[in-house]
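Participant: What follows is a predicted protein model with its sequence.
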Amino acid sequence: MAIDAPSSPNTQPWSDRLRHSTIILIAAALALSVLVSLGELSALPAAIVFLCIAAAALIPWRLHDAAASRDDVRRINNPVESAAVAAVVAGMPDPAVLLDRAGRVIHLNAAAAQLAPALRRNELAQFALRSPEIITALREAIATTEPRRATYLDHVPVDRWLELMITPVPVPTTFGGADKCMLMTFHDQTPLRRVEEMRADFVANASHELRTPLAALSGFIDTLQGQAKDDPKARERFLGIMHNQATRMARLIDDLLSLSRVELSAHVRPDTLVDLLPIILQVADGLEPLARERQVDVETHLPDAPVMIAGDREELLRLFENLIENALKYGASGGRVIVSLTPSTATDGAQEIRVMVRDFGPGIAPEHLPRLTERFYRVDVGDSRSQGGTGLGLSLVKHILNRHRGRLLIESVPRQGATFTACFPQAKTPALT
Ligand code: ADP
């Protein structure tokens with residue numbers, strides 16, 4: 001929104017109006033002199049009538065002019081209303097409104113006009129603002145001329161947390177002294193709030209995930225110290241369960257640490273050239289016992305020549321381990337998993353390497369696909385836990401790919417299986433950019 005220069009309410013030029021009045025007076029004088037010369041009117045009443053007409057023609061616009069020129073003088077003499085102040089308000093990145101002492105809008109910028117379309121120059125801001133928090137803060141700031149702050153949630157068109165700050169700003173006047181105006185600025189706190197919510201959710205989820213196996217462990221310790229103390233069979237069974245719970249806790253802590261390590265180094269792209277083939281083969285070999293246990297055939301379709309990317313070997317091992325293990329755990333019913341590597345071209349024309357892990361299991365319903373890489377998100381929590389899952393695997397995969405400046409594609413047709421594709425930018429050998 002452009003900040004318009006204040007328009008004068010007195011638009012008719014002074015000379016025009018004087019000319020109109022003069023014509024009226026000449027016409028009146030002529031008419032009266034004709035009447036006097038015809039003897040229809042004596043001189044004194046004619047003079048009185050003329051004076052009345054003259055007053056009627058001149059006094060209203062003089063009064064009007066006087067008011068308008070007082071306004072002009074105020075505008076010219078008052079730096080608050082100057083173009084420079086308007087430009088400063090217009091140039092502020094956040095929504096900003098400059099108010100006079102009474103809370104009337106003097107200037108507002110485009111962002112403020114967008115945020116509160118009812119705000120109008122020269123009108124009281126209280127009438128244009130919907131939130132009771134803002135109105136209260138504004139009233140208090142006007143009454144006390146002290147800074148005020150208010151936070152409120154705007155629901156339209158989307159949920160947004162906004163912080164309002166009202167700061168008294170003494171603007172110097174031409175004749176010395178200062179006019180106490182108020183600068184009202186709005187700051188969008190939505191991204192910060194979202195991060196804060198995510199952090200709180202994460203802590204709550206992590207504590208919950210750790211507390212569950214911990215509760216099981218302490219329960220079994222109590223049982224082993226009590227009624228199962230002298231029962232070797234029960235002891236054996238309980239120790240087995242305790243071992244599984246401890247393994248689950250260790251895995252969870254391991255995944256949490258890996259996630260935080262990858263996040264910490266997210267801005268540093270790995271710069272070592274690594275060959276993807278031995279990494280994929282090492283993971284497939286390592287998961288051979290799990291594949292045998294789940295009766296799944298793992299097929300690897302890999303080229304013969306090395307495929308180099310700029311990567312972190314340990315992180316890449318983690319990445320493929322998660323994808324292939326998920327395929328073996330959740331897609332075991334398909335009996336087959338294919339791991340393939342192909343060079344490809346991204347939509348922006350960049351050359352990339354795609355490693356595809358495809359299973360033929362139950363697949364994933366489309367509504368879950370966008371959320372799979374969220375921390376602790378699971379399609380079926382019970383199923384994931386019974387498989388030893390932590391709900392962090394795909395989140396870790398996404399972060400590792402982000403660090404490698406790659407991306408994860410997830411496709412699935414329910415009852416036909418799922419395909420997870422890790423896309424890496426092709427290395428520009430020998431020097432990396
Ligand atoms: P988890 O530790 O639970 O395996 P992940 O982040 O690796 O956590 O996966 C999140 C969820 O995605 C899993 O709980 C599972 O519901 C679903 N999922 C992952 N891979 C597959 C797959 N190949 N087939 C079906 N569902 C899968």
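Facilitator: Yep, it's here.

Participant: can we go C-alpha only for contacts and neighbour counts from here?
Facilitator: Will do.

Participant: residue contacts, His267?
Facilitator: Contact partners of His267, counting by C-alpha atoms under 8 Å, 6 or more residues apart in numbering, are Arg403.

Participant: Let me know whether my guess that it is in a helix holds.
Facilitator: No - according to DSSP: H, G, I helix; E, B strand; the rest coil, the state of His267 is coil, so it is not within a helix.

Participant: Please tell me how far the helix or strand harbouring Ser340 is from the chain's geometric centre.
Facilitator: With elements delineated by DSSP states H and E, Ser340 resides in strand 336-345, which encompasses its position. Centre-to-centre, strand 336-345 and its host chain are 36 Å apart (C-alpha atoms, centre = their mean, to the nearest Å).

Participant: neighbouring strands for it, and are they parallel or not?
Facilitator: Each strand that strand 336-345 pairs with, and the sense of that pairing, follows from DSSP bridges: strand 297-301 (parallel), strand 351-359 (antiparallel).

Participant: Mind checking if the first one is in reach of the ligand?
Facilitator: No - using C-alpha under 6 Å from any ligand atom as the criterion, no contacts between strand 297-301 and the ligand are found, and the smallest distance is 13.2 Å.

Participant: what sits up against that strand?
Facilitator: When contacts are defined by C-alpha under 8 Å, 6+ apart, strand 297-301 is touched by residues 284, 291, 335-341.

Participant: try stretch 243-253
Facilitator: Outside of stretch 243-253, the residues within contact range by C-alpha under 8 Å, 6+ apart are 209-210, 213-214, 216-217, 388-390.

Participant: At the contact with the ligand, which residues of this protein appear?
Facilitator: Those residues of the chain that sit near the ligand, judged by C-alpha under 6 Å from any ligand atom, are 326-327, 330-331, 363-364, 372, 377-380, 384, 389-395, 418.

Participant: Which members of these are classed as buried?
Facilitator: Using 16 or more other C-alpha atoms under 10 Å as the burial test, those include 326-327, 330-331, 363-364, 372, 377-379, 384, 389-395, 418 as buried.

Participant: Let's see which of the residues you listed end up in strands.
Facilitator: The members of those that map onto strands under DSSP state E are Ala418.

Participant: List the ones among the buried ones among the residues of the chain next to the ligand that fall in helices.
Facilitator: For those, the ones inside helices are 326-327, 330, 384, 393-395, with DSSP state H as the criterion.

Participant: what would those residues look like in CSV with pLDDT?
Facilitator: Shown next, in CSV, are those (pLDDT from 0 to 100):
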residue, pLDDT
Asn326, 97
Ala327, 98
Tyr330, 96
Ser384, 91
Gly393, 96
Leu394, 97
Ser395, 96
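
Participant: for Leu32, what are its contacts?
Facilitator: Counting by C-alpha under 8 Å, 6+ apart, the residues that Leu32 touches are 41, 46, 50.

Participant: The ligand versus that one, what's the distance?
Facilitator: 101 Å (C-alpha to the nearest ligand atom, to the nearest Å).

Participant: Ala327 contacts Val357, doesn't it?
Facilitator: Yes - with contact defined as C-alpha atoms under 8 Å, Ala327 counts as touching Val357 (7.4 Å).

Participant: Quick check on the contacts of Leu32: which are buried?
Facilitator: For the contacts of Leu32, buried by 16+ other C-alpha under 10 Å: 46, 50.

Participant: roughly how far apart are whichever residue of the stretch 201-350 of the chain sits closest to the ligand and Gly363?
Facilitator: Per C-alpha to the nearest ligand atom, the residue of the stretch 201-350 of the chain with the smallest distance to the ligand is Ala327, at 3.9 Å. Taking C-alpha to C-alpha, to the nearest Å as the criterion, Ala327 is separated from Gly363 by 10 Å.

Participant: Sounds good, over and out.
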